[in-house]
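K.L.:
model this:
(chains A and B)
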Amino acid sequence: MPVPTPDRPIGRPMIELTNLCKRYGAQDALKGMSLSVDPGSVHVLIGPSGCGKSTLLRCVNLLEQPDAGSLRVGEANFVFAPGGPMPPARVLERFRSRIGMVFQQFDLFPHMTAVHNVMVGPRLVRNMPAGEAHEKALELLDKVGLSDKADVYPRNLSGGQAQRVAIARAMAMEPDVLLFDEATSALDPELVEEVLKVMAGLATEGKTMVIVTHEMAFARDIAHRVTFMEAGAMVEEGSADDILSRPENPRTQSFLSRFHLRAGG
Amino acid sequence: MTYEFDWSAVLSIKVWASAAGITLSYAVVTIAVGLLIGVFVGVAMLSSRVWLRAPASGYVQLFRCTPLMVQIVWFYYALPIIAGFSISAWIAGGLGLALYMGAFCAEIFRAGVISIDKGQWNAARALGMSYRRMMSHIILPQAARRMVPPFVNQSVLQLKNTSLLYVVAVPDLMYKSYEIASSSYRPLETYTVVAVIYFVILYPLTKLAKQLEVRSDH
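P.N.:
Okay, the predicted model is just below:
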């Protein structure tokens, strides 16, 4: 797997979350999370299941509306208050169209072929002409190694292939930011690698990525920053090497001790 | 003593043809109107606006939870008292049947839409699709397939339900058989023939429903 140079781009962060809170009924999913992701960097979120990392990711593209705190991605800025109004639909749609998301269960559109899954975003959201969208979709499928599967329906794709189509679908919108929500957790072990390879490729291209994963070896290989979360709050954040190899917080240490890090020191 | 069958009085095609025509016309028209009502009311039931949602689900509950016969009788005997003008049995029967079908269609529509996996909605939203586009290109094409079997099923029931038109004396198959039976004194033959007619119309429809079910599996 390619190892990107860990030198961090300078300038204004691409993503900034400040004191983000999210409640589900009586349960606090996020208790004042702050996070900042530099442009072109890869930020990995780790933590036990139910710690709020998926919720955090879903707040970044406002699939969930935070109850408090503020969120900035690129030029778009939002401040939230409990019971406050959702931003207008137009604003939300435009905002989300700039952020790609890849889901644990792929969530490809089952009634469309692979290439249609990839072109549907640019077609419907950007009103791109069909010919252009189709051509672009084929290029993207080629990039994820699936040019021969363009006319195949999702039900005839393996999990790994489906997830690669889903990545191509997210890429088709030319997003500023890519979010990966446990993109390999639903895959058979032998299919994980092909998806991680595509993700690593995107990382080396300098895409801004926020990744929720349990693949620690992968995280160490491609992440610039790693955040360990527990119970809706950040426990420790630092460079991939620091957090994954030399965690200071005993809770991070205990969490990581359950993973056997493969390759690397 | 054995019963001696005499089919002569009840086997005239001419007698049954007009009644079958009425039954079929009522079925086709009220299913079509009911489908139309169902789509509009179904959309309203899914709305986030309470002033759309509440009356829509009120209508559906009202018509699902009262017997169709009561509805037809109500439109014929009760409505004119409030409205101040009488409506013909033909209209009262049609109104009851269409509104009844509409309530079930609305429920089929709503259930079909919400049966679509949450992930599909999230994936469409994450791409930045508007509600309208998400509905027309992602959710409804998938939901429509799931709506077909229950819709065909409800249509079969609807054709049978047209037999309730006899309570307001619309000369459908049921009413006609009642007439023939009382004039010929041959109820056994008459009601057997009418059952066969209903069966012949509906059996192919249920076969079709079965086939559509299999197809929507994959």
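
K.L.:
quick one, helices of chain B?
P.N.:
B:13-45, B:50-64, B:68-73, B:79-83, B:89-114, B:118-126, B:131-133, B:140-161, B:173-184, B:187-215 (DSSP state H).

K.L.:
and the ones you listed: which comes nearest chain A?
P.N.:
Proximity to chain A (Cβ to the nearest Cβ) singles out helix B:118-126 among those, at 3.6 Å. (Glycine included, C-beta is placed from N, CA and C.)

K.L.:
next, count neighbours for the residue of chain B found nearest chain A.
P.N.:
Closest to chain A within chain B is B:Gly128: 2.7 Å, counting by Cβ to the nearest Cβ. B:Gly128: 24 surrounding residues under other Cβ atoms under 10 Å in any protein chain shown.

K.L.:
measure whichever residue of the stretch 101-250 of chain A sits closest to chain B to A:Ala186 for me?
P.N.:
Taking Cβ to the nearest Cβ as the measure, the point where the stretch 101-250 of chain A comes nearest chain B is A:Asp107, at 3.6 Å. Distance, A:Asp107 to A:Ala186, using Cβ to Cβ, to the nearest Å: 10 Å.

K.L.:
quick one, which of the two is more surrounded?
P.N.:
Counting neighbours by other Cβ under 10 Å for A:Asp107 and for A:Ala186 shows that A:Asp107 has the greater number, 24 against 14.

K.L.:
from what I see, that one and B:Gln120 are in contact.
P.N.:
Yes. A:Asp107 is within contact range of B:Gln120, at 6.2 Å (criterion: Cβ atoms under 8 Å).

K.L.:
where do the helices sit along chain A?
P.N.:
A:53-60, A:89-97, A:114-126, A:130-143, A:159-171, A:189-204, A:216-222, A:240-245, A:250-256.

K.L.:
low-confidence bits of chain B, can you list those?
P.N.:
Scanning chain B for pLDDT under 70 picks out the ranges B:1, B:214-218.

K.L.:
who in it is up against chain A?
P.N.:
Neighbours of chain A within chain B, by Cβ under 8 Å from any Cβ of the partner chain: B:117, B:119-120, B:122-131, B:133, B:137-138, B:141-142, B:218.

K.L.:
for burial, what's the neighbour tally of B:Lys14?
P.N.:
Neighbour number of B:Lys14 under other Cβ under 10 Å is 6.

K.L.:
do A:Gly25 as well
P.N.:
6.

K.L.:
ramachandran coordinates for it?
P.N.:
The phi and psi values for A:Gly25, taken as degrees, to the nearest 10, are phi 60, psi -120.

K.L.:
ok, now which ones touch it?
P.N.:
Neighbouring residues of A:Gly25 by Cβ atoms under 8 Å, 6 or more residues apart in numbering or on different chains: there are none.

K.L.:
can you pull the buried residues of stretch A:33-44?
P.N.:
For stretch A:33-44, burial by neighbour count (16 or more other Cβ atoms under 10 Å in any protein chain shown) applies to A:33, A:35-44.

K.L.:
over to stretch B:44-51?
P.N.:
Those would be B:44-46, for stretch B:44-51 by 16+ other Cβ under 10 Å.

K.L.:
hmm, who's touching that stretch?
P.N.:
Contacts for stretch B:44-51 (Cβ under 8 Å, 6+ apart): B:52-53, B:55-57, B:60, B:106, B:109-110, B:113-114.

K.L.:
endpoints of it, how far apart?
P.N.:
Across stretch B:44-51, the terminal residues are separated by 9 Å (Cα to Cα, to the nearest Å).

K.L.:
okay, now the residue of chain A found nearest chain B: neighbour count?
P.N.:
Residue of chain A nearest chain B, by Cβ to the nearest Cβ: A:Ser97 (2.7 Å). A count of nearby residues for A:Ser97, using other Cβ under 10 Å, gives 20.

K.L.:
show me what contacts it?
P.N.:
Residues in contact with A:Ser97, defined by Cβ under 8 Å, 6+ apart, are A:121, A:125-126, A:173, A:175, B:127-128.

K.L.:
JSON lines for those residues, including distance to A:Met234?
P.N.:
Conversion of the contacts of A:Ser97 to JSON lines gives the following (distance: Cβ to Cβ, whole Å):
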{"residue": "A:Gly121", "distance to A:Met234": "32"}
{"residue": "A:Val125", "distance to A:Met234": "33"}
{"residue": "A:Arg126", "distance to A:Met234": "35"}
{"residue": "A:Met173", "distance to A:Met234": "29"}
{"residue": "A:Pro175", "distance to A:Met234": "25"}
{"residue": "B:Leu127", "distance to A:Met234": "29"}
{"residue": "B:Gly128", "distance to A:Met234": "29"}
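
K.L.:
list only buried entries from those residues.
P.N.:
A:121, A:125, A:173, A:175, B:127-128.

K.L.:
which residue is nearest the centroid of the chain?
P.N.:
Since no chain was named, I'll use chain A. Closest residue to the average C-alpha location of chain A: A:Leu179 at 1.8 Å, with Cα atoms, centre = their mean.

K.L.:
other chain: chain B
P.N.:
Note: chain B centre (Cα atoms, centre = their mean) maps to B:Gln158, 3.3 Å.

K.L.:
wait, that residue touches B:Gly34, no?
P.N.:
Yes. The pair B:Gln158 and B:Gly34 passes the contact test of Cβ under 8 Å, sitting 7.2 Å apart.

K.L.:
what do these two both touch?
P.N.:
Joint contacts of B:Gln158 and B:Gly34 (Cβ under 8 Å, 6+ apart) are B:97, B:100-101.

K.L.:
out of those, grab the one that's most surrounded.
P.N.:
The shared contacts of B:Gln158 and B:Gly34, ranked by neighbours (other Cβ under 10 Å): first place B:Met101, 28 neighbours.
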